[in-house]
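Enquirer: compute the structure for the input listed below.
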Amino acid sequence: MAEKTTQGWHLDKRVPLALIFAIVVQTGTALWYVKGLDARIEANSTAIGTETDSRRSLSSRIERAEQNANGQAVALGRIQVSIEGIQNSLDQIDRKLP
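Expert: Numbers count the residues shown, from 1 in each chain. The predicted model follows:
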């Protein structure tokens, strides 16, 4: 029996040039696509950062508005007490008049 000599993979002239060209084009296209994905991911990251800053600003504005509303409620309560006092004084004056 003849012994088989085991040779590793090798490239010979039987591999068509078109196949090699197709593999190179596919690799280039895959790299181009991945680069496009990277750019879109970067744009989304920037947009998310901007949105986060915007939400923080909005949250701060809402908090200040709530504080202002609470202050206005206290002031309105004081005004109401003053109006009631004035009304009582007017009622007393009205009772003293003939």
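Enquirer: please save the CA atoms from stretch 89-98 in CSV.
Expert: What follows is stretch 89-98, C-alpha atoms only, in CSV (Å, rounded to 0.1, in the frame of the first residue of the first chain):
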residue,chain,number,x,y,z
SER,A,89,-63.8,94.9,60.8
LEU,A,90,-66.3,96.1,58.2
ASP,A,91,-69.1,94.0,59.8
GLN,A,92,-68.3,95.6,63.2
ILE,A,93,-68.4,99.1,61.6
ASP,A,94,-71.7,98.3,59.8
ARG,A,95,-73.3,97.2,63.1
LYS,A,96,-72.3,100.4,64.8
LEU,A,97,-73.8,102.6,62.1
PRO,A,98,-77.5,103.6,62.7
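Enquirer: that one - what's its average pLDDT?
Expert: Mean pLDDT, computed over stretch 89-98, is 89.
Enquirer: how far is it from where the chain is centred?
Expert: 64 Å (CA atoms, centre = their mean, to the nearest Å).
Enquirer: outside of that stretch, which residues touch it?
Expert: Defining contact as CB atoms under 8 Å, 6 or more residues apart in numbering, one finds that nothing outside stretch 89-98 touches it. The way it works is simple: take the backbone N, C-alpha and C, and place the C-beta from them, glycine included.
Enquirer: buried residues, that stretch. List them.
Expert: Along stretch 89-98, not one residue counts as buried under the neighbour rule (16 or more other CB atoms under 10 Å).
Enquirer: let the chain start at 14 from now.
Expert: Renumbered: residue one is now 14, and that last one reads stretch 102-111.
Enquirer: quick one: the helices in the chain, in order.
Expert: Using DSSP state H, the helices found in the chain span residues 30-109.
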